[in-house]
Structures are given as C-alpha cells and as structure tokens.
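[1] compute the structure for the input listed below.
(one chain, ligands or ions: 3)
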Amino acid sequence: MKITKDLYQGSLALLTDFYQLTMAYAYWKSGKAEQEAIFNLFFRKNPFQSGFTIAAGLEYVIDFCNSFAFNKGDLDYLSEMKNSDGTVVFETDFIEYLSEMRFTCDLEAVEEGTVIFPHTPLIKVKGPLIQCQLLETALLNITNFQTLIATKAARVVFAAKGDAVLEFGLRRAQGIDGALAASRASFIGGCSATSNVMAGKLFGIPVSGTHAHSWIMSFDTELEAFYAYAEAFPEKCVFLVDTYDTINGIKNAIEVGKFLREKGKEMVGVRIDSGDLAYYSNIAREMLDEAGFPEAKVVASNDLDEHIITSLKAQEASIDVWGVGTKLVTAYDQPALGAVYKLAAIKDQNGNWEPKVKVSQQSIKINIPGDHDVIRFSKNGKAVADMICLKEDLAKKNTYTIIDPIDPTKRKKINGEYIEQTILLKSIFENGTLVYDPPAIEKIKENTQKNLQFFDKTHKRLVNPHIYPVGLEEKLYQLRTDLVFKMKNYDNE
Ligand SMILES: Nc1ncnc2c1ncn2[C@@H]1O[C@H](COP(=O)(O)OP(=O)(O)OP(=O)(O)O)[C@@H](O)[C@H]1O
Ligand SMILES: O=P(O)(O)OC[C@H]1O[C@H](OP(=O)(O)OP(=O)(O)O)[C@H](O)[C@@H]1O
Ligand SMILES: O=C(O)c1cccnc1
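    Residues are numbered from 1 along each chain as shown. Ligands and ions are numbered 1, 2, ... in the order given. The predicted structure is shown next:
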C-alpha cells in the first residue's frame, strides 16, 4: 500500500473497534437499532496531575460525523467477513442497512480551547442507539489525544510565562496522524508555531524553525556554515551555536550578525541545544548584548518540558524562545487521557427517557445518568464552580448545592451572588445537520488563553494544584444514588 495514495480511501467509518460493529448488528437484529439513546464522553482525572484540562479535537469530530458513511470498499470488506464455520458475520440485509446509514444525531460539545474538568461531558450524543454506538471509538480516539496534547501544551506555555514556545515534535511523534493532530492541539494549547510544514498547510498554523547540526557539519567550519546560511536566509538567521563549542559558536554568530547588519539585516538570534542551558544562555545573552545585539533572541531546545522550563526560569536563564518537541507531542509523562463514552439514558417504548447507570466497585467509575447540561458559575470574572445538572433543571433556581460525584461529603452552596452563568455544552449538530460554525484555529487558541484567565492561578500551578469544584446538582445526585441502589438491589436485601 502507498501511504501517500489516500490511506483512508475516503472513509473513516471502519475506524472503530470490531465490537462496535457486532453490537450494531445485534441491535439491528433485536430491533433496537433506532431506539433513541444519550451517550456522554468525559474523563475522570485531569492528565499530568494538572488542575485543569483543555478541550480539543471538536473540528475533527465534526468532520467525522459529517462524512460518516460506509463506502463501497467498507461494505465489501464487511460482507466478506467470515465466522470460523465459514458463514458470513454480517447478513446481506444488515450490509444494506449500513449502506444507507447517515449521521442523524444531535450532538452537543464544549468548544475547543475550553477549560474543563473531570466528570463534565465534553461531548453528548443523542440519537439512534446504533449510531451513537458506532461513533464511540472514533470520538474517543480523536478527543482523548488532542485534549491531552492541548493540555500539555498549555502547561508548557504557562511555564514559559509569555515567551514563545515552538513545537518541534514531528520527528518523535506517534506516527503521521499523531504528529499532525499533536501540532494542531499544541497550537490550540498556546504554542506560537510548529516546525511541521504539513500541519502548517492543513491547519493554517504558522511554521517556523532554525537549522540543524547537519548544516554546520556539511561545511569545513562553523563560520563558513553561518555565512552561507546568512546568504540564503538573511531575514531568518537563528544560528545553532553548539555543534562544536558553544562559546565559540556564539562568537561566530556575532561575527556573521555584524556582516548581516552591514547589509541592512538583523540576525534573529542563536539556538542552544545541549549542555547547561541556564549557563550557556546567560553567557550568550552577555556576549550578544556586549556586541551590540540586545534584540537578538536566545532559543533553547533539548528535551524540554514544563518542569525543566520552570527550573530554567527559576535559575534566571536568559532564554527568550523555547523549542519543545518529544515531551510535548508524545505527552511523555502521561501518554493517554482515558476519556470514556457511556450510555446515560435511553428512550423507552412509551417515549420516556430512562436514565442509565453503570454500577462499579470503584465509585469513580459510576457514570452520571440522564440528559445533562453543565453550568459554569463565576463571580467578578473568575470561575467559582461547575455544576452538572439535568437539562430540565437548567436555570430554574437562584441557589444550588453541588455535590462532589465521588465524595458526597464535599458540597458547595452556590447562591445568588454568583450571578454569571455560562452553559458549557453548545449545540453542534441537530438531527445530523451542522448548526455550529467552527472558529478559525487562531480564534481557538485565543479562546484557550481567555478561558485560562478565567481561573484562579491556584488551579493553574503545575504541581499540586488547588482542585476546582465540579459537582452534581442535588436532584441529579439523588437520581444517581437511587439508581445505584436500585441496580444493586438494595431495596430487596
Ligand atoms: N540548567 C538546567 N537546569 C535543569 N535542566 C537542564 C539545565 N540545562 C539543561 N537541562 C536539561 O537537562 C537535560 C540534559 O540532557 P542531556 O544530558 O541528554 O543533554 P546534553 O548533555 O546536552 O547532551 P546531548 O547533546 O545528548 O543532548 C535536558 O533535558 C535539558 O533540557
Ligand atoms: O528535544 P526535543 O524537545 O524533542 O526537541 C526537538 C529536538 O530535535 C532536534 O534534535 P535532533 O533530533 O537533531 O537530535 P539531538 O537530540 O541529537 O539534538 C532538536 O535539536 C531538538 O533537540
Ligand atoms: O527548526 C528547528 O530548530 C527544529 C526543528 C525540528 C526539531 N528540532 C529543531
């Protein structure tokens, strides 16, 4: 197969776990396929021990749902699947049914760049059971990864305290799609640019970069290499100074910087990619200032993450721009988010919604039943708590008690003084029709920063953050408790 020749062959409908298709077949066989259901996509813990998470991936989800259809190749593949006894897995009428299936659900979601917390639905899908089920794996695949990377990027950018962060991860990312999605999510999380040119082309992200050691090594001397680069890119000269001897490299950069200045151009700066970055960046700053280049930037790279950047800041390193690759795009310290997609309600034969709960030994794994909305309460421009409530109870009261979904002894009263309320779930599709205009990626990035400013700094610190309160409205909490007792048959004991 040629990967450059349309790997996905125009359809992502089979980007799913086999069990979604076997369940789909069984729903169809048992006459349940069109029964209406509600599923929620949510996670149970912020990644990286962070105090917050940044939602990302919605534009991919929109595209996935909009183009959801089994094409001829997909249907041929499914119709040829055989059981061990040689019979077909899926009968012809089911293949026919799949061939006509289009996305007709309602879908609500938090917008990309929104700060979100555990238990809150990021996406809610309402529609025929079979469709909701068939979306599960792809929606999780898309949302888990981009949300994870956007959060990591937001942490790295937070550590850089306003300095530019360049995403350099392509070479170490998890494959082709992982790299592209990571570049997109890193930009949403706050990176200024990517080295990934294809991500630049596909998503409209600014591309940027310096040069590699190989450029220097291809010449007899570093100085020759710098001069040649300056001839080729007089506007874009960031000289990589650590190939042989960093201090000598800075001297050479200064010499070529003076040459550029004579031609009316300014060198952009130097990059340091090894050794003690605090020590060498301070030396570089001193030498550049003394030589009359106070505007020249010091770029640093080499296995950076939010913790090393924080340490380098504390050491008063003179670094202006941070190149961050591997540890960002691979989410090195936590490679998966762990969001799940759970059935929350199903419509019975009389047209009534029946809330559904999965009972687990671990209370963190008990889902939240019903059709929800999520309200963010704020006071004087600062978020104070999020409440998950039944949609029918939305905005009915002035005073609420929210109850922690894991520890019911943790409660918070929300009263009239918190007058600002934001509804987090936005309508994206209605009956399969897109009713949302996805913002440009620059706007999403701005949304992330605006959202983050809305939260107290205690929730944003990188280590041991203050936990932001998210709770269930009392009636919803009671509904869940009653259902758990019912499913555990407590009443009969
Ligand atoms: N002053 C510093 N404080 C904390 N961490 C630092 C400091 N300077 C560099 N680092 C980090 O320490 C690690 C150094 O790793 P390593 O020893 O592999 O690099 P190196 O000595 O420069 O060698 P290489 O050329 O193989 O990259 C990197 O993650 C780098 O970002
Ligand atoms: O360190 P990261 O955060 O992943 O940033 C990207 C790294 O990629 C390049 O290194 P390269 O692959 O040329 O090898 P190197 O590690 O030997 O410098 C660059 O010089 C950075 O060090
Ligand atoms: O442009 C750079 O400096 C760059 C790009 C990718 C990886 N490392 C560095």
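[2] how are the strands of the stretch 251-400 of the chain distributed by residue range?
    Under the criterion DSSP state E, counting those that start in this stretch, the stretch 251-400 of the chain carries strands at the ranges 269-272, 297-301, 321-324, 340-347, 353-355, 372-379, 382-390, 400-403.
[3] list the helices and strands the fourth one packs on?
    So the one you mean is strand 340-347. With contacts defined as 3 or more CB pairs under 8 Å, 6 or more residues apart in numbering; DSSP states H and E, the secondary structure elements packing on strand 340-347 are strand 36-42, helix 129-159, strand 353-355. Backbone N, C-alpha and C define where each C-beta goes, glycine included.
[4] quick one: average confidence on the last one?
    In this model, strand 353-355 has an average pLDDT of 95.
[5] cool, and the first one?
    Average pLDDT, strand 36-42: 98.
[6] picking up where we left off before, would CSV of the strands of the stretch 251-400 of the chain with distance to Leu135 and mean neighbour count be doable?
    Rendered in CSV, the data for the strands of the stretch 251-400 of the chain read as follows (distance: least, CB to CB, whole Å; neighbours: other CB atoms under 10 Å):
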stretch, distance to Leu135, mean neighbour count
strand 269-272, 44, 26
strand 297-301, 39, 24
strand 321-324, 33, 25
strand 340-347, 8, 20
strand 353-355, 19, 18
strand 372-379, 18, 21
strand 382-390, 21, 21
strand 400-403, 29, 21
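[7] can you list those in CSV and add distance to ligand 3?
    Formatted as CSV, the strands of the stretch 251-400 of the chain follow (distance: least, CB to the nearest ligand atom, whole Å):
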stretch, distance to ligand 3
strand 269-272, 6
strand 297-301, 6
strand 321-324, 6
strand 340-347, 34
strand 353-355, 50
strand 372-379, 38
strand 382-390, 36
strand 400-403, 45
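[8] redo these as CSV? Include distance to Trp28.
    Formatted as CSV, the entries for the strands of the stretch 251-400 of the chain read as follows, by distance: least, CB to CB, whole Å:
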stretch, distance to Trp28
strand 269-272, 58
strand 297-301, 53
strand 321-324, 48
strand 340-347, 16
strand 353-355, 21
strand 372-379, 28
strand 382-390, 31
strand 400-403, 39
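[9] and the ones you listed: which comes nearest Glu36?
    Within those, the stretch nearest Glu36 is strand 340-347; the backing value is 4.1 Å (CB to CB).
[10] contacts for that closest one, please.
    35-44, 124, 129, 132, 136, 139-140, 353-356, 358, 367-372 (CB atoms under 8 Å, 6 or more residues apart in numbering).
[11] kindly report the residues of the protein close to ligand 2.
    Taking CB under 6 Å from any ligand atom, the part of the chain that reaches ligand 2 is made up of 168, 171-172, 212, 273, 301-304, 323-327.
[12] from Asp371, how far off is the closest residue to ligand 3 within the stretch 201-350 of the chain?
    Nearest to ligand 3 in the stretch 201-350 of the chain, going by CB to the nearest ligand atom, is Gly209, at a distance of 2.6 Å. Taking CB to CB, to the nearest Å as the measure, Gly209 falls 48 Å from Asp371.
[13] can you tell me how far the residue in the stretch 1-150 of the chain that ligand 3 sits nearest to is from ligand 1?
    Here the stretch 1-150 of the chain gets closest to ligand 3 at one residue, Ile149, 16.6 Å apart by CB to the nearest ligand atom. Here the distance between Ile149 and ligand 1 works out to 19 Å (CB to the nearest ligand atom, to the nearest Å).
[14] burial of the residue in the stretch 351-493 of the chain that ligand 1 sits nearest to, as a residue count?
    Sorted by distance to ligand 1 under CB to the nearest ligand atom, the residues of the stretch 351-493 of the chain start with Leu462, at 14.8 Å. By the measure other CB atoms under 10 Å, the count of residues near Leu462 is 18.
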